[in-house]
Structures are given as structure tokens and as C-alpha cells.
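# need a structure here:
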Amino acid sequence: HFRNYPSLAAQRHSEHDVLIKWTMLMTRSLQGKALSTRLVREAHIHVAKATAGIRQTEMVNKLEGPSEVTAFIENLSVKYEKVHKSFEDNFWATKMNLKGCSSDALAKTKTNYDNFLSDPANLKAVKEQLQRSDLSPDQHKVLGVLERTFKCYITEDPAASQLKESLNEQEAKLAAARNTMKLGYTDPETGSFTPASSVQLRNLMRVADNEAVRKSAYEGLRSVGPFVCEAFLKIVKDRNKLARLLGYQDFYDMKVTAAEGFGKARLFEMLDDLEVKTRSIMETARERLATEKGPAALEPHNQSHALAGDTTKATDPYFPFENAVDVWGRTFAALGIQYDGSVMTLDLCDRQGKYSNGFCHWPQPAWRHADGRWVPAHANFTSLATPDQLGSGKTALETLLHEGGHAAHFANVDQYSPFFSQERAPTSVAYAENQSMFLDSLAGDAAWLSRYAVSREGQVMPWQVVEQLVRNTHPYSVFMVRAMLVVPYFEKALYELPEDQLTPQALQTLADQAEERIQGGLSPRPLLSVPHILADESSCYYHGYVLAEMSVHQTRDHFLGKYRAIVDNPQVGADLTSCYWRPGNGSLFLDLVRQLTGKPLAADAWVARLQLPTEGLLDKEKQEYEAAVKAGPKFKPGQEVDLGMRVRLVHGDELISDSETDGGFQGACAKFKAWVRQQYFSGN
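The predicted structure follows:
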């Protein structure tokens, strides 16, 4: 087994872990035999239960070293796990607007969480343990991560502690108000108001043929800024006060230093390099769009439609929303991705009062107790799909690949403390986003589209549609680069603005100026409608997407050079697991990228992709398309797959399906499909 799977041997798993993985691989091989679907499904259920049972009860991979140090680490880890879970349970409840949710409870548990992380006694005790000369290498490693974590949150000044508590309350109230604001658009013909989430408004701007409707949707998005500005500006002022009390230039400098390990100045050296290298590409793309579609195509309410309207309509039949979960599962299974006994709760459809952005959080971080017992992750992730809306299937699938990538990453962190597998500082934003963005990039590959983009009638997306997709999107892919860059440039300018200039008018002007400078004109997604900037955990965060996308292109180049293929290649999943995922935040992001790819992180691979002539890209994509059509997907539609996890599909408080009780992964998918058809297509 080790000879055939050297990447698993490199992970140095226990014999039990190896036997589990071997059993899973053998079970998969049986799927090609003449066995009934029921037998295969039952086999997978038994393997999943065995996996969870063995990992939770076997005494393997014990933390070596002085027992009193081990007991100290274990005690602190269990305490952290408790406050983390309490906060995350409330976070999910309020963001999903579940029955009984409370912004007060969210603020209270966030304060308890912050108080634990910012308690000087914890840092002092960790430092004392680090002074010992008899620590084992693993103990020293764990204590080092504990020290780094506490240093990110310690606020010895009582005024700073009070300010953090006040900020928690302000942010919780703003989040509750934003979740329940009257958002939507006015029908230009009837004058009636139609409620719609920000995701629905952006989608409407992509697909609505009536320009007046698109403009109304854009104005709906612009209304978010005036609604949040007063409360948000107070938060901005207090965030800067907190950062300066702690010795930082401003809040942005504090956030990036804590998360990435380097300051704001170093970050913007890297971003400036990308901005300069892509500015002329962006200007050329805007000129091309105006020439092809007319100058009006550059207007913010028209740009998304001009770029995606025809493409979305052409591709939509090949992304049935109700099949998205099945496609996601088969894609990851074919990559050899496992979730190590995790429980995943998916809330995929939009509804009134639900948080307006997809995310994945972990109320239960994955970790290994000092005695070797494995604690599998519990993950919650959400998207904002409207299944009967044009383009929703593709958007939902990309979100599943993205957020499911986050979940796969954090489910596979295998270290002796949950401090390694939580998503906040000192976990690098870029490190976290690299995993998810690498996996959602597959949805743009001809090698993936020709296997997994399949209509309800079973027809694979034709090459002509793939070609149209490439021709319509590649020359303008630089727009995505600039749309990502504009958020950190705006937040940098915002937190550098003198306090006496922080007015509602100045805020809107600053946002508009940033869009015009970085994107060449007002953005289809107004900056003040971007939810990340409001919440503490995601503010001054967006630069991570930029650095992550750099590493995505560099990582893709590495795999294509090493293996010649990414899609349906289990070696890719094995390498991601062993190099990027297992270490957690115990290794620095830039070091991990260099370790896997053999090169320091740079924008070169990304810029080279942007500069690639469309015809050259089409030649390459057509070859991959034809080979993939011939090969087909590793797992056929509806075929049972084993991801080593339990999946729960919900809609707010409603449980739709559960793989544990509904006959495995495909059983859960089948019930979800039926629910979608009933809820959104019953009149068809």
C-alpha cells in the first residue's frame, strides 16, 4: 500500500489510519464490479462509522514529552474548544436567522471568546512552559502556536479590553440590522418594490435583459452604504482606537500583522506589484468591452450583463441546481479528498433574514488529544442560491467547491490542539483562502466542464458552449483581479483617513474613488455592499483572496507540470492534504507555498495567464476537453462516493436530509433534489 501511495506514507499515519484509508480505497474499487447500489452504499456507511469509531477511541500518536506539560496543553486546548464552540454556535444561529437566535447571546459569547484569548495569564503560563529544557519537539511546536495565538489578542490595557467588548456589541447590532434591512429593487414598469438579497440583486444585473431593471438592482445595492454608514463609521473609529492602543499604525496594520505575520507596508508592496502589472491589461479590456458592446457596457449596472448575460444563458442548462451537491461530492471524491469523520451542515438556499454572503465556519475544530484520540471537525457552510433563477446552479456549485474546500482543509488539520485548526489569527487569511479558491478554480477548466457540467437530460456541455465561455470571459478575466484588489485598497484608505474626516459623505466618496482608480469606473458590486468590511472576523481580510489567487495559479502550474492533470487526479488531493492541510497554522503560508511549488510566492503565474492569447488558451482547452469527454468522470452521476463525512442539508431550522439516516451521501442528495423540485419547480 505504501509503495502505491507514497504521499500517504509521508504523512506517517498510524496503522489504524492506514487500514482505514486502504479499506476506503478498496471499497471504491468495488464500485466498478457488478454489485448493487444498495450493497455499495451500505459498505460506505459501515466504513464511515468504523472510521469515526476507530479515530475517536484508539490510543494512537500520543503527544510525547513531560506529562505535566502535556496535561497543561490538553487543559488549555479543552478550554479553548469550549469557548470557540459556544461562540460559533451562536454565530451560525444569528447569521442563518434561526429560531431563538440572539444578537445579545452572540455578543456575549464573542466577548467570552475574546476574553479567553486576551487573558494575560494564559500567555504568561505558556511562556513559562516554553522555558523548560526537556520539552519534546511536538510539545515545543504546540506551545509555540499557543504563544503566537495569545499574542494576537492580549490587550493588557484595560481601556483596550473595554473597547473590544464595546466593538463586539456594536458589530452584533449592525449585523442584525443589516440582515433584516429592507433590501430589493423597484420595478421600473409598475413602481412596486420587490424584496431581494444582495446576491439576488447581483444576479439580476447579470441576467436581466431590461436595462432599467438592472439599474434598479444596482441602486438597491448602493442603498446598503447609506443604511450602514452611521453605525459603521463609529465602528471604524473604535477599531482604529483599539489598534493604536495596542501599538499599531491603524486597524488594518493590526489585522494583517496578526494574520499574516508581516505588516501593512509589506502587504501593499506585493499588492502594488500586481496592481501595476495588471493596470494596462485592465485598460485594454475596458476599451475592448466598449468597442464590442458599446460604451454603455462600462456602466456599473450594465457591465455584468455585457460580460455574462449570453454566457450565463448558454451554460445554465448544464448546471442544474438540484444536482450541485452530487457534483461537488463526486468532484472531491475523484480528487481523493477525505473529511476524516467530519459532520457538515449545508444551508444552500437564500431566504429573508439570512446573512448575505457564503461562508464556512467550524463550531468544532478538528484536533488530536494528547492521548491520540481524534476529534473530527463539525463544519457549517452556506450559500445564497435561488434555484429557479438563471445562473443559480453554477453559482451554487462554485460556492460548494469553494466552501467545501475550506471544510476539507480544516477537517484535515491533524495537530495536538484545536488552536491549529481555527480560522482566525494567527491563521493566515491567504492560507485559508488558497485551499478554497484552488478547488473552485476547477469549475473553469474544460477538463472539469466536460466531465461534470451535465444537463438534466444527461447531455455534457458541448465544446461550442465551452468555447463561448472562454471567448466571453478570458479577455475580461482581469476585471476579477481588479475587483479583488479594490477592497483592500479601499479599506487601507478608510483606516488611514483622519477621524474628523470620517463622515457619511466622505465614506461614499472614498468608496467611489477607490472603484474608479482600481477598476477604471464604478463597480457592479458597490464597495459598501461587500459584507466583509462590516464584521470583525472578515474586515481587512480581502487581501487574503488576492494573495491566495496568486498561490492558486502558482499551485496549478506546479501540479500541471508534475502530474499533467488536476481534475480526477487523487495525487492532487493527497499532496494538498499532506503539504497544505495537515500542518494547520503551525507553518507560515509563504513557507507552505514554497515547500509545495518549490518557488517563493509571486504574481508571475497569474499575470502570465491574463496575458495568454485567447486562441492559444482555446487550443489547450479543446485538447483537454476531448480527452476528458472520452475518459468521463471517475464517479458517474448518482454513484455513491465516500468522503469520510456525514452530510446534513438544511434550510434554516428545517432538516432536509441527513446522510447518516437517509442511506449515505447519495441518499441525502436524492432527498435534497426532491425538496428543491418541490419548493422551486413544482409548478413546472
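# got the phi and psi for residue 288?
Phi and psi for residue 288, reported as degrees, to the nearest 10, are phi -60, psi -40.
# the nearest residue to it once chain neighbours are set aside: neighbour count?
Nearest residue to residue 288, sequence neighbours excluded (Cβ to Cβ, 6 or more residues apart in numbering): residue 475, at 6.0 Å. Any C-beta I mention is one placed from the backbone N, CA and C, and that applies to glycine too. Residue 475 is flanked by 19 other residues according to other Cβ atoms under 10 Å.
# how near is residue 475 to residue 619?
16 Å (Cβ to Cβ, to the nearest Å).
# buried sites along the helix or strand where residue 627 lies?
According to DSSP states H and E, residue 627 maps onto helix 614-631. Neighbour counts over helix 614-631 (16 or more other Cβ atoms under 10 Å) mark 618, 621, 624-625, 628-629 as buried.
# show me which of those residues is closest to residue 363.
residue 628 (37.7 Å; Cβ to Cβ).
# now do the contacts for residue 579.
Counting by Cβ atoms under 8 Å, 6 or more residues apart in numbering, residue 579 touches 592, 595-596.
# contact partners for residue 232?
174, 507, 533-534.
# apologies, that question was intended for residue 114.
By Cβ under 8 Å, 6+ apart, the contact set of residue 114 is 153, 164-165, 168.
# quick one: average pLDDT of stretch 461-477?
In this model, stretch 461-477 has a mean pLDDT of 95.
# buried sites along it?
Those would be 461, 463, 465-467, 469-470, 472-477, for stretch 461-477 by 16+ other Cβ under 10 Å.
# does residue 308 touch residue 205 like I think?
No: using Cβ atoms under 8 Å as the test, residue 308 is too far from residue 205 to be in contact (9.3 Å).
# the more surrounded of these two?
residue 205 (27 against 21).
# what is the helix or strand hosting that one packed up against?
For residue 205, the host element (DSSP H and E) is helix 198-207. Judged by 3 or more Cβ pairs under 8 Å, 6 or more residues apart in numbering; DSSP states H and E, helix 198-207 is in contact with strand 184-186, helix 211-222, helix 300-315, helix 392-411.
# dump it to CSV, keeping only the CA atoms.
Extracted in CSV, the C-alpha atoms of helix 198-207 (Å, rounded to 0.1, in the frame of the first residue of the first chain):
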residue,chain,number,x,y,z
SER,A,198,-27.6,41.4,-2.4
VAL,A,199,-26.8,38.1,-4.1
GLN,A,200,-30.1,38.1,-6.0
LEU,A,201,-29.6,41.8,-7.0
ARG,A,202,-26.1,41.0,-8.4
ASN,A,203,-27.5,38.0,-10.2
LEU,A,204,-30.3,40.2,-11.7
MET,A,205,-27.7,42.6,-13.0
ARG,A,206,-26.1,39.6,-14.8
VAL,A,207,-29.2,38.2,-16.4
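# which residues does it contact?
183-185, 196, 213-214, 217-218, 220-221, 224, 301, 304-305, 308-309, 312-313, 350, 356-357, 384, 386, 389-392, 395, 524-525, 529, 531.
# got a quick PyMOL command for the buried subset of those?
Filtering these down to the buried ones (16+ other Cβ under 10 Å) takes a single PyMOL command:
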select buried, resi 183+184+185+196+213+214+217+218+220+221+224+301+304+305+308+309+312+350+356+357+384+386+389+390+391+392+395+524+525+529+531
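# which residues touch the residue positioned nearest the centre of the chain?
With distances taken as Cα atoms, centre = their mean, the residue of the chain nearest its centroid is residue 403 (4.3 Å). Each residue near residue 403 by Cβ under 8 Å, 6+ apart is listed here: 358-360, 381-383, 436.
# give me that answer again for 10 Å
Residues near residue 403 by Cβ atoms under 10 Å, 6 or more residues apart in numbering: 328, 344, 346, 348, 358-361, 379-383, 436, 439-440.
# where are the low-confidence patches of the stretch 401-550 of the chain?
Of all residues in the stretch 401-550 of the chain, none has pLDDT under 70.
# try it again with 90
Residue ranges of the stretch 401-550 of the chain with pLDDT under 90: 423-425, 429, 472, 535-538.
# then the stretch 51-200 of the chain?
51-61, 152-158, 160-161, 164-165, 179-180, 199.
# which residues in it form helices?
67-95, 103-117, 120-130, 137-151, 158-180, 198-207 (DSSP state H, counting those that start in this stretch).
# out of these, deepest packed?
Ranked by mean neighbour count under mean count of other Cβ atoms under 10 Å, those are led by helix 198-207, which reaches a mean of 24.
# so how far is residue 303 from residue 216?
From residue 216 to residue 303 the distance is 16 Å (Cβ to Cβ).
# over to residue 124?
In terms of Cβ to Cβ, residue 124 sits 54 Å off from residue 303.
# residues near residue 636, how many?
Residue 636, neighbours per other Cβ under 10 Å, totals 9.
# surely it meets residue 330?
Yes: contact status for residue 636 versus residue 330: in contact at 8.0 Å, counting by Cβ atoms under 10 Å.
# that older thread, of the contacts of residue 403, which is the nearest to residue 282?
When the contacts of residue 403 are compared against residue 282 (criterion: Cβ to Cβ), the nearest one is residue 440, at 22.3 Å.
# burial of that closest one, as a residue count?
There are 19 residues near residue 440, going by other Cβ under 10 Å.
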